[in-house]
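# Turn this into a model:
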Amino acid sequence: MKKQDPNHHPFPKRHSRSVPGNNKVHSGSELFKPHPRGEVEAKPREHPPGGEASGFTVVELLVAVSVLAIVSTILAAFFFNFFKSFHKGEDYARLQNDSIAASLLLEKELRATTEVIDPSSNTLTIRAYAVSSSSPPDEVRYFIENGQIKRGLIPPTGSPPDYTYDPASETVKAIANNVISDPLFEYFDQDGTQLTPPILAASITLIKVNLTIDDDPGKPPEAISTSFQIQLRNLKTNN
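Below you'll find the predicted structure:
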């Protein structure tokens with residue numbers, strides 16, 4: 001059996017290398033040792049407690065939805081009330097315009113009355129210069145029907161002084177809508193005394209008109225009420 005050399009090493013001997021300019025001899029393990037400053041340390045990813053991923057929880061989503069619903073409800077109520085008030089204002093302005101237009105027409109034609117034919121609380125027939133003051137008077141009838149004040153006009157036919165008025169020639173149109181007046185007309189004599197039924201047409205020298213218009217009684221906008229008196233100058237007599 002061959003004797004083993006005591007100086008023999010089973011692994012190759014690592015040689016030392018010298019670095020120029022430096023008398024110190026470095027071993028291979030020292031030469032390839034990484035510099036501490038060059039090391040990059042990988043930081044492990046942190047997770048929320050319990051190991052859950054980041055995001056909204058069910059409670060947070062419910063709170064957000066509830067807040068959004070409340071804000072939406074408030075905004076919807078605001079805009080609803082705004083448009084409701086706006087339409088109420090429009091309705092009120094329309095009622096005012098209808099009341100003014102009807103009042104002006106009634107006042108104009110009643111002042112031109114030459115004869116009262118048939119007076120009652122909600123109906124009045126007169127002869128008046130409704131079309132022109134230079135032509136013969138027309139027969140004009142005011143009456144309430146289905147919440148409207150209607151005006152019927154019959155032109156005269158024939159020759160003066162025997163004019164005739166044919167009901168078949170009457171033209172009717174509405175001059176006011178949504179009328180709730182009752183009474184529409186009141187009548188007074190020369191002394192300012194109010195006349196009661198049966199009313200004698202020849203005694204009337206002043207007519208009071210009560211005009212009340214309301215789109216929907218009991219609901220806004222409020223009714224528009226107008227009252228005015230017309231002195232029948234063509235019928236007034238001096239004591």
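# show me the contacts for residue 229.
188, 206, 207, 208, 209 (CB atoms under 8 Å, 6 or more residues apart in numbering). C-beta: built from backbone N, CA, C; applies to glycine.
# Grab the longest helix from this structure for me.
helix 58-111 (DSSP state H).
# which residues of the protein fall in strands?
For the chain, the strands defined by DSSP state E occupy 17-18, 25-26, 113-119, 123-128, 138-145, 148-154, 171-176, 185-188, 206-213, 224-231.
# The fourth one pairs with which strands, parallel or anti?
The sheet places strand 123-128 alongside strand 113-119 (antiparallel), strand 138-145 (antiparallel), with pairing taken from DSSP bridges.
# I'd like these written out as JSON lines, with mean pLDDT, distance to residue 66 and mean neighbour count added.
What follows is the strands paired with strand 123-128, written out as JSON lines (pLDDT from 0 to 100; distance: least, CB to CB, whole Å; neighbours: other CB atoms under 10 Å):
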{"stretch": "strand 113-119", "mean pLDDT": "95", "distance to residue 66": "68", "mean neighbour count": "17"}
{"stretch": "strand 138-145", "mean pLDDT": "96", "distance to residue 66": "56", "mean neighbour count": "19"}
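# Save these as a markdown table, and put in distance to residue 94 too.
Formatted as a markdown table, these follow (distance: least, CB to CB, whole Å):
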| stretch | distance to residue 94 |
| --- | --- |
| strand 113-119 | 29 |
| strand 138-145 | 20 |
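# What's the separation between residue 126 and residue 206?
Plainly put, residue 126 is 13 Å away from residue 206 if you go by CB to CB, to the nearest Å.
# now swap in residue 113 and tell me
11 Å.
# ditto for residue 184
15 Å.
# and what of residue 57?
82 Å.
# The two: which has the busier surroundings?
More crowded of residue 57 and residue 206, by other CB atoms under 10 Å: residue 206, with 20 against 9.
# In the protein, where is pLDDT below threshold?
For the chain, residues meeting the criterion pLDDT under 70 lie at 1-54, 82-88, 133-134, 236-239.
# try 80 this time
1-56, 78-92, 131-135, 218-221, 234-239 (pLDDT under 80).
# dump the residue contacts of residue 163.
Counted by CB under 8 Å, 6+ apart, residue 163 has contacts 136, 156, 157.
# My read is that the second one contacts residue 166, right?
No. Between residue 156 and residue 166 there is no contact under CB atoms under 8 Å: 9.4 Å.
# what about these two, which has more around it?
A side-by-side neighbour count of residue 156 and residue 166, using other CB under 10 Å, places residue 156 first with 18 against 12.
# Now for that one: which residues touch it?
Counted by CB under 8 Å, 6+ apart, residue 156 has contacts 136, 137, 138, 139, 163, 164, 165.
# Any idea how many residues pack against the closest residue to residue 172 other than its chain neighbours?
Leaving aside its sequence neighbours, residue 172 sits nearest to residue 152 (CB to CB, 6 or more residues apart in numbering; 4.5 Å). Residues near residue 152, counting by other CB under 10 Å, number 16.
# Mind listing the residues bridging to residue 152?
Beta-bridge partners of residue 152, counted by DSSP bridges, are residue 141, residue 172.
# show me what contacts it?
Going by CB under 8 Å, 6+ apart, the list of residues near residue 152 reads 140, 141, 142, 143, 170, 171, 172.
# Tell me the spacing between it and residue 127.
Distance from residue 152 to residue 127, by CB to CB: 13 Å.
# what do these two both touch?
residue 140.
# Distance of residue 183 relative to residue 197?
On the measure of CB to CB, residue 183 and residue 197 end up 11 Å apart.
# out of those two, which sits in the busier spot?
residue 183 (13 against 8).
# Can you tell me which of the strands of the chain is nearest to residue 80?
With CB to CB as the measure, strand 224-231 is the member of the strands of the chain nearest residue 80 (25.4 Å).
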